[in-house]
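Engineer: predicted model and sequence follow; I will ask about them next.
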2 protein chains.
Amino acid sequence: MKPTIYDVAREAGVSIATVSKVLNNQRVGKKSKEKVLQAMKKLNYKPSVLASALTGKQTSTIGFLLPDLANPFIAEMARRVEDRAYERGYNLVICSTDFEPEKEAFYVSLLKQKSVDGFIIAGGFKNVEVVTELLEEQFPVVLLGESYPSLSINSVKVDDFMGGYEVTSFLTSLGHKKIAVIGEEASSSQERIKGYKQALRDQQLPVHEELIVISSQTNIESVERLAGKLLDLPEPPTAIFACNDILAIGVVLAARQRDRRIPDHLSIVGFDNTFLSRSSDPPLTTVQQPIQDLCFQAFDMLVEEIQGKSKLRQRVVLLPELVVRKSTSAPRKKS
Amino acid sequence: MKPTIYDVAREAGVSIATVSKVLNNQRVGKKSKEKVLQAMKKLNYKPSVLASALTGKQTSTIGFLLPDLANPFIAEMARRVEDRAYERGYNLVICSTDFEPEKEAFYVSLLKQKSVDGFIIAGGFKNVEVVTELLEEQFPVVLLGESYPSLSINSVKVDDFMGGYEVTSFLTSLGHKKIAVIGEEASSSQERIKGYKQALRDQQLPVHEELIVISSQTNIESVERLAGKLLDLPEPPTAIFACNDILAIGVVLAARQRDRRIPDHLSIVGFDNTFLSRSSDPPLTTVQQPIQDLCFQAFDMLVEEIQGKSKLRQRVVLLPELVVRKSTSAPRKKS
DNA sequence: ATAGCTGGTGTAAGCGTTTCCAAAACATTC
DNA sequence: GAATGTTTTGGAAACGCTTACACCAGCTAT
């Protein structure tokens, strides 16, 4: 059987209290400490996290809620968060919620039963009650990549409004006047679209509601269909701003199917700067999110709260950066 | 504070043993059961997994070791495994090992301290000692996507040899005689390359060692460089078989940079059929892995072992399927 | 009426830790 | 060498649950 603290105590000829103290780096006589260390090594003893958590210590496990791990941007976030967790001695329990409120509730409840130390919620959530409850219980939570204005909750995200604004300004500066946007339901998309609208207004360009499209499905085929509709308009846009790189790829596919050359016939801009935007043909102009900083900050913020070091809630907003590649150019002159 | 079993017992006017029995669906009088259920609801009681695991029950948490979550194929596997875990009431702790033996050892040790019920190891591992130890301890483990012939360990994977064989036969059937292959160090790549060699031999075609390239780096730039070298050969191959879709994208980029048309100048085949192969231009011929079946079977096999239902170890091998798209054609006639 | 069952319930020990507190050991001072 | 102070140690309770076992009613069968 696995050795317990009793076995170590017996082997070392001390009490379990003493063993526990060397485990937790408390004052212990030099000789006892030595003996205990020896015994631990000899028995290959590893304390049970379960038992120690039961007495009030933490589990060093945190719940990571995300909409869908198969989404490359989300997966990359997960990877970064996990890197940080590893550095700091934490483990991550991954939960794909698919934006289903029931799944969110289920996972949160289950992970609470498993005594996780806190939650990171990436990419948004639907079940406001659950999150509110967490907050009321003072359960450590931080939002990653999204914020929720009406809730007093820690969050780390990029300035989506500004991202949308920059993309659109860049396109207008190239001479585009008819710019469509395709987004998702997530609030980050909504912010990017607000930035888009504002940029158009600032350039005294009209905002056409029919050029603003929301995709409720994540799969690429449905995106392709939506983008197709835009392209099949009698007066199609000369540029499309996709609120993330996957959407942008969908637009690329739709354009390709219709033999529209990118960027000659159609300029496309993505968002996130995942490696999709680099591998695409032509490589996509997109908006770079400082993923690593976002993830590290979010994680550190959570740990601060877990350790009770900081009580104050905060919203951190980092700045995105436009990365210009080959999918954008001035519109063709009307012939 | 969170209610405990004592609170429920007091509220219901019964002993904690009775409460525990209703929790575990053991015989309890109808009336008591009713009272207990009422009390649980009233107090919103959720039993602590920690405490019950301490008494010998399981944690319903399993460790999922994988090389890198940012790899789309791996991420998709993670997603599927997690779906199954959700269905069966388990949680997944994600651990990216980057093929570093120390990380593998660290995670396994830590998760054992946290009393996970078992491990799934996806995409291979380096630290044979750790895995061997797990096996000796009868710890439930299953390998996903790889196998390890010299170890008596459960595994679920696709027939990589056959996949490589099929790809290569397909290319020779199109008329290609000079076919390069680019793989990774993982044993699955090695198997695919063996299949490639066998297919060439079966067609009486020579195996040129200089056309067999192993990429030790995962990042796309280095792949591009390696592929570039192949293309810059005085007598370049007319087709390249990439052992996974990411590698294939690297090859596409290298070809594009050199203005080789795909498939006219160069045929490319990938492996895995991730959505990269669909979004690429042209869409890639690739080999489809039945990811969902692989993942579900692996998970179910693990659960069987955890529940002690099946003691016998097995290796499951599923069959891959060639998906022909637009990145392959007959080679151009020499002019 | 009594012995023998049976199903329902409760008592208490145990799981592997941490921690409070008192006791023991040692060191210091006069 | 006694009195005091300072470490170092260990006993025991607590964390929230499961479970072996004992107990007790209410039965049936004799």
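Structural biologist: Yep, it's here. Numbers count the residues shown, from 1 in each chain, chains lettered A, B, ... in the order given.

Engineer: next up, the contacts around the residue in chain A sticking out farthest from the centre.
Structural biologist: Of all residues in chain A, A:G13 sits farthest from the chain's C-alpha centroid, using Cα atoms, centre = their mean; the distance is 50.5 Å. Neighbouring residues of A:G13 by Cβ atoms under 8 Å, 6 or more residues apart in numbering or on different chains: A:K35. Yep, even glycine has a C-beta here, placed from its N, CA and C like the rest.

Engineer: what score does it have for pLDDT?
Structural biologist: pLDDT, A:G13: 93.

Engineer: again, but for A:I94
Structural biologist: In this model, A:I94 is scored at 98, pLDDT.

Engineer: so it versus B:N91, what's the distance?
Structural biologist: A:I94 sits 8 Å away from B:N91, taking Cβ to Cβ, to the nearest Å as the criterion.

Engineer: host element of the residue of the stretch 51-200 of chain A found nearest chain B?
Structural biologist: Distances between the stretch 51-200 of chain A and chain B by Cβ to the nearest Cβ are smallest at A:A75, namely 3.8 Å. Using DSSP states H and E, A:A75 sits in helix A:72-87.

Engineer: give the rounded mean pLDDT of that helix.
Structural biologist: What helix A:72-87 shows for mean pLDDT is 96.

Engineer: now stretch A:37-57
Structural biologist: Looking at stretch A:37-57 alone, the average pLDDT works out to 95.

Engineer: go on, stretch A:163-183?
Structural biologist: Predicted confidence along stretch A:163-183 averages 97 (mean pLDDT).

Engineer: cool, and stretch A:271-287?
Structural biologist: In this model, stretch A:271-287 has a mean pLDDT of 91.

Engineer: around chain B, which positions in the stretch 101-250 of chain A sit nearby?
Structural biologist: Selection of the stretch 101-250 of chain A residues close to chain B by Cβ under 8 Å from any Cβ of the partner chain yields A:K103, A:S109, A:L110, A:L111, A:K112, A:Q113, A:K114, A:S115, A:I220, A:I249.

Engineer: please name every helix or strand in contact with the host helix or strand of the third one.
Structural biologist: Secondary structure assignment for A:L110, by DSSP H and E: helix A:101-113. With contacts taken as 3 or more Cβ pairs under 8 Å, 6 or more residues apart in numbering or on different chains; DSSP states H and E, helix A:101-113 sits against strand A:61-66, strand A:91-96, helix A:128-136.

Engineer: got the angle for the second one vs strand A:61-66?
Structural biologist: What separates the directions of strand A:91-96 and strand A:61-66 is an angle of 30 degrees, with axes from the mean of the first three to the mean of the last three Cα atoms, to 10 degrees.

Engineer: over to the last one?
Structural biologist: Following the same axes, to 10 degrees, one obtains 150 degrees for the angle between helix A:128-136 and strand A:61-66.

Engineer: where exactly do the strands run in chain A?
Structural biologist: Defined through DSSP state E, the strands belonging to chain A, from first to last, are A:61-66, A:91-96, A:118-122, A:141-144, A:154-158, A:179-183, A:212-214, A:239-242, A:267-269, A:286-288, A:315-318, A:321-323.

Engineer: now render the ones you listed as a markdown table, adding mean neighbour count and distance to A:R201.
Structural biologist: Conversion of those to a markdown table gives the following (neighbours: other Cβ atoms under 10 Å in any protein chain shown; distance: least, Cβ to Cβ, whole Å):
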| stretch | mean neighbour count | distance to A:R201 |
| --- | --- | --- |
| strand A:61-66 | 25 | 34 |
| strand A:91-96 | 24 | 38 |
| strand A:118-122 | 25 | 31 |
| strand A:141-144 | 26 | 29 |
| strand A:154-158 | 24 | 22 |
| strand A:179-183 | 25 | 13 |
| strand A:212-214 | 16 | 14 |
| strand A:239-242 | 31 | 15 |
| strand A:267-269 | 28 | 19 |
| strand A:286-288 | 25 | 20 |
| strand A:315-318 | 15 | 22 |
| strand A:321-323 | 16 | 20 |
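
Engineer: B:E166: which of these is closest?
Structural biologist: Nearest of those to B:E166, taken as Cβ to Cβ: strand A:91-96 at 32.3 Å.

Engineer: what's next to the closest one, contact-wise?
Structural biologist: Contact partners of strand A:91-96, identified using Cβ under 8 Å, 6+ apart, comprise A:60-69, A:78, A:81-82, A:85, A:103, A:107, A:111, A:114, A:116, B:61, B:64, B:78-79, B:82-83, B:86, B:91-95, B:110-111, B:114.

Engineer: so which of the residues you listed reach DNA strand D?
Structural biologist: Subset of those in contact with DNA strand D: empty, counting by Cβ under 7 Å from any atom of the strand.

Engineer: where's A:N24 relative to B:L54, distance?
Structural biologist: Separation of A:N24 from B:L54 (Cβ to Cβ) stands at 19 Å.

Engineer: A:V167 touches A:V287, doesn't it?
Structural biologist: Yes - at 6.2 Å, A:V167 counts as touching A:V287 under the criterion of Cβ atoms under 8 Å.

Engineer: joint contacts of those two?
Structural biologist: Between them, A:V167 and A:V287 have A:V269, A:F271, A:L322 as joint contacts when contacts are counted by Cβ under 8 Å, 6+ apart.

Engineer: DNA strand C contacts on chain A?
Structural biologist: Within chain A, the positions near DNA strand C by Cβ under 7 Å from any atom of the strand are A:1-2, A:4-6, A:16-17, A:20-21, A:23-24, A:45-48, A:51-52, A:54-57.

Engineer: which among the residues you listed count as buried?
Structural biologist: For the residues of chain A next to DNA strand C, a burial check counting by 16 or more other Cβ atoms under 10 Å in any protein chain shown picks out A:T4, A:I5, A:S20, A:K21, A:L23, A:Y45, A:P47, A:S48, A:A51, A:S52, A:L54.

Engineer: which residues does the residue lying closest to A:E321 once chain neighbours are set aside bridge with?
Structural biologist: The shortest distance from A:E321 to any residue that is not its chain neighbour, by Cβ to Cβ, 6 or more residues apart in numbering or on different chains, is 4.7 Å, and that residue is A:Q288. In this structure, A:Q288 has the following beta-bridge partners (DSSP bridges): A:D272, A:E321.

Engineer: sorry, back to before: correct me if wrong: the residue of the stretch 51-200 of chain A closest to chain B contacts B:L69.
Structural biologist: Yes - under the contact definition of Cβ under 8 Å, A:A75 touches B:L69, with a separation of 5.5 Å.

Engineer: residues from the stretch 51-200 of chain A in reach of DNA strand D?
Structural biologist: A:A51, A:L54, A:T55, A:G56.

Engineer: redo the helices and strands packed on helix A:101-113 as JSON lines? Include distance to A:P206.
Structural biologist: Supplementary listing: the helices and strands packed on helix A:101-113 in JSON lines, determined by distance: least, Cβ to Cβ, whole Å:
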{"stretch": "strand A:61-66", "distance to A:P206": "37"}
{"stretch": "strand A:91-96", "distance to A:P206": "40"}
{"stretch": "helix A:128-136", "distance to A:P206": "35"}
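
Engineer: gap between the two ends of stretch A:86-102?
Structural biologist: Between the opening and closing residues of stretch A:86-102 there is a gap of 29 Å (Cα to Cα, to the nearest Å).

Engineer: and that stretch, how far from the chain's centre?
Structural biologist: The gap between the average C-alpha position of stretch A:86-102 and the chain average comes to 11 Å, counting by Cα atoms, centre = their mean, to the nearest Å.

Engineer: could you report the neighbour count for the residue of chain A found nearest DNA strand D?
Structural biologist: In chain A, the residue that lies nearest DNA strand D is A:G29 (2.6 Å; Cβ to the nearest atom of the strand). With neighbours defined by other Cβ atoms under 10 Å in any protein chain shown, the count for A:G29 comes to 12.
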